[in-house]
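Student: Just to be clear, the model below is a prediction. Sequence and coordinates:
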Amino acid sequence: MSQEDAVREVLERCARAISDKDAAAVIACYTEDVVAYDLAPPLVIPSERETDPTHLEKWFATWDGQIVSLAKDMHVRADNIIAYAFALRQMTGRKIDGENVNLWFRGTATLVKESSGWKISHVHNSVPFAMDGSGKAELGLKP
């Protein structure tokens with residue numbers, strides 16, 4: 001298996017764990033010192049919080065059923081030590097309040113190769129915002 005394929009497998013495993021709402025399996029994809037820049041505040045999510053299953057479990061509890069996150073046109077570059085991947089991602093599902101979610105966002109991950117295999121050391125998910133002075137997130141964009 002190529003390094004790129006091994007990285008893709010970790011990212012797919014993480015997406016499946018999110019879909020299954022399995023906090024322990026998500027965290028197992030991360031390094032101990034992972035840092036995230038995610039869609040929800042705060043601006044920086046330190047490793048202590050990103051690797052605490054309580055926060056993921058609270059978010060999972062706001063969803064009715066699976067949370068589907070699919071990558072479109074994922075690009076992966078890897079050597080024997082470090083890798084990065086980026087793609088547009090589509091997250092779909094239904095919230096417990098009945099809202100249907102269909103959101104496209106940008107996702108980037110940095111991975112490092114540890115003795116146990118590839119692990120995610122940084123996640124950066126974002127949506128564009130309107131440059132008209134309103135500062136509103138552009139949640140309706142599609143590729």
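Tutor: Happy to help now that I have it. Numbers count the residues shown, from 1 in each chain.

Student: which one's the longest strand in the chain?
Tutor: Criterion DSSP state E: the longest strand present in the chain is strand 100-114.

Student: Okay, now the sheet partners of the next helix-or-strand element following that strand, with direction.
Tutor: As assigned by DSSP states H and E, the chain's next helix or strand after strand 100-114 is strand 117-126. Next to strand 117-126 in the sheet, as set by DSSP bridges, lie strand 30-37 (parallel), strand 100-114 (antiparallel).

Student: Could you pull out the buried residues of the helix or strand just after the shortest one?
Tutor: I take that to be strand 30-37. The first helix or strand that comes after strand 30-37 along the chain, using DSSP H and E, is helix 47-50. For helix 47-50, burial by neighbour count (16 or more other CB atoms under 10 Å) applies to Glu50. To be clear about C-beta, it is placed using only N, CA and C from the backbone, and glycine gets the same treatment.

Student: packing partners for helix 47-50?
Tutor: strand 30-37 (3 or more CB pairs under 8 Å, 6 or more residues apart in numbering; DSSP states H and E).

Student: Dump the strand it packs on to PDB, restricted to CA.
Tutor: Once non-C-alpha atoms are left out, strand 30-37 reads as follows in PDB (Å, rounded to 0.1, in the frame of the first residue of the first chain):
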ATOM      1  CA  TYR A  30      -5.400  11.500  16.300                       C
ATOM      2  CA  THR A  31      -2.000  12.100  17.700                       C
ATOM      3  CA  GLU A  32      -1.800  12.900  21.400                       C
ATOM      4  CA  ASP A  33      -1.000  16.600  20.500                       C
ATOM      5  CA  VAL A  34      -3.600  17.100  17.800                       C
ATOM      6  CA  VAL A  35      -4.800  20.700  17.300                       C
ATOM      7  CA  ALA A  36      -8.000  21.500  15.400                       C
ATOM      8  CA  TYR A  37      -9.300  24.600  13.700                       C
END
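
Student: The spatially closest residue to Arg13 that is not a sequence neighbour and Glu48, how far apart?
Tutor: Among residues not flanking Arg13 along the chain, Cys29 sits closest, at 6.1 Å (CB to CB, 6 or more residues apart in numbering). Relative to Glu48, Cys29 is positioned 17 Å away (CB to CB, to the nearest Å).
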